[in-house]
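**Student:** What follows is a predicted protein model with its sequence.
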Amino acid sequence: MVDTKTPGDKTLSVPSKTLTLKPRVETGTVRQSFSHGRTKQVVVEKRGKRRLGGDGPGGEAPSAPEPVAAKPAPAKPPVSRPAPPPAAPRNNSGVVLRTLTEDERSARASALADAKVRDVEERRIAEEEAKRRASREAIEQAEREAAEARRKAEEERHRQEEDAKRKAEQEAKKRFGGETSTEAKPAVPATPAPASRPAAPPAAKAPPAKAPGVAVEVEEDEGPRLVRRGPGGVARPVTPPKTTQKPAPQKQRGRLTVVTALTADDVRERSIASFRRRTQRLKGHASNEPKEKLIREVTIPEMITIQELANRMSERAVDVIRLLMKQGAMHKITDVIDADTAQLIAEEMGHGVKRVAASDVEEGLFDVVDDSTDTEPRSPVVTVMGHVDHGKTSLLDALRHANVVSGEAGGITQHIGAYQVKSPESGKMITFIDTPGHAAFTAMRARGAKVTDIVVLVVAADDGVMPQTVEAINHAKAAKVPMIVAINKIDKPDARPERVRTELLQHEVQVESLGGDVVDVEVSAKNKTNLDRLLEMIALQADILDLKTNSQRPAEGTVIEAKLDRGRGPVATVLVQRGTLRVGDIIVAGAEMGRVRALISDQGETLEEAGPSVPVEVLGFNGPPEAGDRLAVVENEARARQVTSYRAHQKRENAAASISGMRGSLEQMMSQLKTSGRKEFPLIVKADVQGSLEAILGSLEKLGTDEVAARILHAGVGGISESDVTLAEGFNAAIIGFSVRANKEAAAAAKRNGIEIRYYNIIYDLVDDIKKAMSGLLAPTLRETMLGNAQILEVFNISKVGKVAGCRVTDGTVERGANVRLIRDNVVVHEGKLSTLKRFKDEVKEVASGQECGMAFENYGDMRVGDIIECYRVETIQRSL
């Protein structure tokens, strides 16, 4: 409201229009069309432009209302008043005009400037959208023209084919007399393919017929229009009938924006994506040419499923199965086929084949050719072999200035050991491997011969060549390594070295003193005689071999021994053969892997690395590896897991195959039980190291016969645990501990359940006890001892006793209670025992030859005169293995 004052000081209220910067907005709705006949109602707002000082709707200034005439007031007496403030400006009508402040004026100016910038930006966006829409329409037009050209070409090709076919049929009819010249009918001309007709020019719309009450009005820009005159002469437009046909001209396509929604019609046509899909379908139907076959190189493992083979060939599995059915094999898509069949299928389908095996994961693990010329000499590896108690370990103790013999149980070596000795002459290190001489440790001696460079054959001068000496000779020959004969114990009074040399000739070992090429040295480990000469001969033989290797490459070696230490975990004695083994390396040995945590030398010192020909104890394996496994360093844990998983899988398969081969079918098991009746002696064996366990199992296996055998339920390295006692309780087995002990819990469980645990330190005692226990399972042998014969002279029938035979002993003696046979006409008619033996009414124990006596059988009375009674004794003899 604006306050106005009239000359008579009358105040009037005049309404004023509120000043605002909001643009004028017009709201409407537009229907948006989608594919598949879907529509959606969209609300569209149209904003009007603000005009300054114009005559339009936005620039009109509100007209001031007319002032209301005021009635004159009655006159009052004059009163003295203070001077009034200056009067506000007024217009011609007397309305007070308010002057705008500086802030309001700047706010209005900035609002107008923003409106101008917004108008320019909207105009630029609309122009860019129009350009994009024009480019899209040009691309669509080009695609439509290309599709139309392809369609015309296809129709032209079909038409030419039809013409050629029709001409060929006519020629064939003429050639074979199908039509005569008189009866020939004119050929029907080929109907040309309907060409695209040019669009007819739009005809002028004729005015419709005039109906009653309907007037026709013609306008210059819209043409004729029907109107209906209602009552009072008011003209109303007539709505034309709706048609289902689409209009001929194509509507514009594009994204729905505010500009397009305001400028487009109510009904939108199909989208660009729909049109492109239609074009792609037309292209797919038009191109029926077969696709070019892709030739691939198919990698085929040892076993593969049909689905996987089809995927690798990019073929359908149905085609693969069809090909197999042609070859007479019915398969499903999930069936597994071998590599040969898969190769035939792949080659039949035209693909290349690359055969791979599961063992390829081990390629490049060992025996990699080293092209490096940076080689350096290495220490020789010497294996000491010979018969038991010939002084091998004593000789090594004399060389090392140690006393290993005192720590061996029973005075014999039962573990394989590796040591390093420094030669006093050259100062070079020599690696010695000590092997047991007992017959059970054949595998240990074989492992020692495989990793060695030189074999030292120790033979006692007072004992000569023995069976394990011959075995050591055979191992050295199989390994194709040079041999040095050390004739030990020459300090004994009965030592005869010449006898040893002569006996070696029988096994094709000819020493130098007898004109051969094998070096022999007479030594005494007890008195340390000629030890320096033995080391000199070993160094000379190593110089001849010229042993060199590259120490900078990844390490390779052999596991000599392995054990399970309670405090340190799995420990493996490894002889490094190539390269250098360092702490932190990832290693693989057999089916076990690990990371090297520590390296310990034979003197107990901790090392950071171990070079070639250096024996060390390796800590860090996940489990104890098998003795004799080859060790290698790999680049990462993934490769190590891949190798160990393959080896573990092979190990399980071999074990399963051996078990299935032993078990066989149910019929085979029953037949074996009926025919053989073999008894089993269940055992659980725990040893300190892998080599001793291997020797024990080999010895127990040799004890088995066709009637009884040792059944090893479980064998392992380490102490006896509660799980071993539980297993023994389930199978009623005995537990054997070799150089190991049971923990407190296992010992208490064994005592509570009555399980026997036997401890051994010497392999002789272990094998002998198991042999005696297995012998107790053998059935005893029954042996008959002939006592004498008697002839029946008369048979007496006694009422209370029964029939009694009066006999004369013809040879030997007859004893009461002995076994007898009744022989009639050289046929045994009865076997039993003698119940009564009397002579002159007296019971006697035995009757000598030539005397007469009375005899009665137990529960038998069919005796006749002239029968022969044969008396014998049955003895039970216990068998042994």
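**Tutor:** Great, that's in hand.

**Student:** helices or strands next to the helix or strand where residue 616 lies in the packing?
**Tutor:** Element membership for residue 616 (DSSP states H and E) is strand 615-621. For strand 615-621, the packing partners by 3 or more Cβ pairs under 8 Å, 6 or more residues apart in numbering; DSSP states H and E come out as strand 417-422, strand 569-578, strand 586-589, strand 592-600. Yep, even glycine has a C-beta here, placed from its N, CA and C like the rest.

**Student:** strands paired with it, and their directions?
**Tutor:** strand 569-578 (antiparallel), strand 592-600 (antiparallel) (DSSP bridges).

**Student:** re earlier: using JSON lines, lay out the helices and strands packed on strand 615-621 together with mean neighbour count.
**Tutor:** Listed next are the helices and strands packed on strand 615-621 as JSON lines, based on neighbours: other Cβ atoms under 10 Å:
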{"stretch": "strand 417-422", "mean neighbour count": "18"}
{"stretch": "strand 569-578", "mean neighbour count": "23"}
{"stretch": "strand 586-589", "mean neighbour count": "24"}
{"stretch": "strand 592-600", "mean neighbour count": "19"}
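
**Student:** Specify the angle between the helix or strand following the strand holding residue 616 and strand 615-621 in degrees.
**Tutor:** Under the assignment DSSP H and E, the closest C-terminal helix or strand after strand 615-621 is strand 630-634. Relative orientation of strand 630-634 and strand 615-621, computed by axes from the mean of the first three to the mean of the last three Cα atoms, to 10 degrees: 60 degrees.

**Student:** Can I get strand 630-634 in PDB, CA atoms only?
**Tutor:** Output of strand 630-634 as PDB, limited to C-alpha atoms (Å, rounded to 0.1, in the frame of the first residue of the first chain):
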ATOM      1  CA  ARG A 630      66.600 -83.900  -4.900                       C
ATOM      2  CA  LEU A 631      66.500 -80.400  -3.700                       C
ATOM      3  CA  ALA A 632      66.100 -77.300  -5.900                       C
ATOM      4  CA  VAL A 633      65.600 -73.600  -5.400                       C
ATOM      5  CA  VAL A 634      62.600 -72.000  -7.200                       C
END
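
**Student:** That one pairs with which strands, and in what direction?
**Tutor:** Its sheet considered, strand 630-634 pairs with strand 556-565 (antiparallel), strand 586-589 (antiparallel) by DSSP bridges.

**Student:** Redo the ones you listed as JSON lines? Include distance to residue 621 and mean pLDDT.
**Tutor:** Formatted as JSON lines, the strands paired with strand 630-634 follow (distance: least, Cβ to Cβ, whole Å; pLDDT from 0 to 100):
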{"stretch": "strand 556-565", "distance to residue 621": "8", "mean pLDDT": "87"}
{"stretch": "strand 586-589", "distance to residue 621": "7", "mean pLDDT": "92"}
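
**Student:** Among the ones you listed, which comes closest to residue 796?
**Tutor:** Evaluated with Cβ to Cβ, the strands paired with strand 630-634 place strand 556-565 nearest to residue 796, the distance being 80.8 Å.

**Student:** I'd like the helices and strands packed on strand 615-621 written out as a markdown table, with distance to residue 871 added.
**Tutor:** Below are the helices and strands packed on strand 615-621 laid out as a markdown table (distance: least, Cβ to Cβ, whole Å):
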| stretch | distance to residue 871 |
| --- | --- |
| strand 417-422 | 66 |
| strand 569-578 | 69 |
| strand 586-589 | 71 |
| strand 592-600 | 70 |
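
**Student:** wait, which of these is closest to residue 530?
**Tutor:** Nearest of the helices and strands packed on strand 615-621 (Cβ to Cβ): strand 417-422, 15.3 Å.

**Student:** Each with direction, which strands does that closest one pair with?
**Tutor:** Partner strands for strand 417-422, per DSSP bridges, with pairing direction: strand 429-434 (antiparallel).

**Student:** any idea of the mean pLDDT in the partner strand?
**Tutor:** Looking at strand 429-434 alone, the average pLDDT works out to 85.

**Student:** Buried residues in that strand, which are they?
**Tutor:** 430-434 (16 or more other Cβ atoms under 10 Å).

**Student:** cool, and stretch 772-787?
**Tutor:** Taking 16+ other Cβ under 10 Å as the criterion, stretch 772-787 shows 773-774, 787 as buried.

**Student:** next one: stretch 516-534
**Tutor:** 516, 518-525, 529-531, 534.

**Student:** What is the nearest of those to residue 545?
**Tutor:** Distances from residue 545 to the buried residues of stretch 516-534, taken by Cβ to Cβ, are shortest for residue 519, at 13.3 Å.

**Student:** which residues does the closest one contact?
**Tutor:** 484-485, 511-512, 537, 541 (Cβ atoms under 8 Å, 6 or more residues apart in numbering).

**Student:** Strands of the stretch 701-850 of the chain, start to end?
**Tutor:** 708-717, 734-738, 757-760, 781-798, 802-812, 814-815, 819-824, 827-839, 842-843, 846-847 (DSSP state E, counting those that start in this stretch).

**Student:** elements contacting the second one?
**Tutor:** On a contact count with 3+ Cβ pairs under 8 Å, 6+ apart, strand 734-738 meets strand 679-687, helix 690-703, helix 722-731, strand 757-760, helix 763-775.

**Student:** Parallel or antiparallel, list what pairs with the shortest one.
**Tutor:** Which is strand 757-760. strand 734-738 (parallel).
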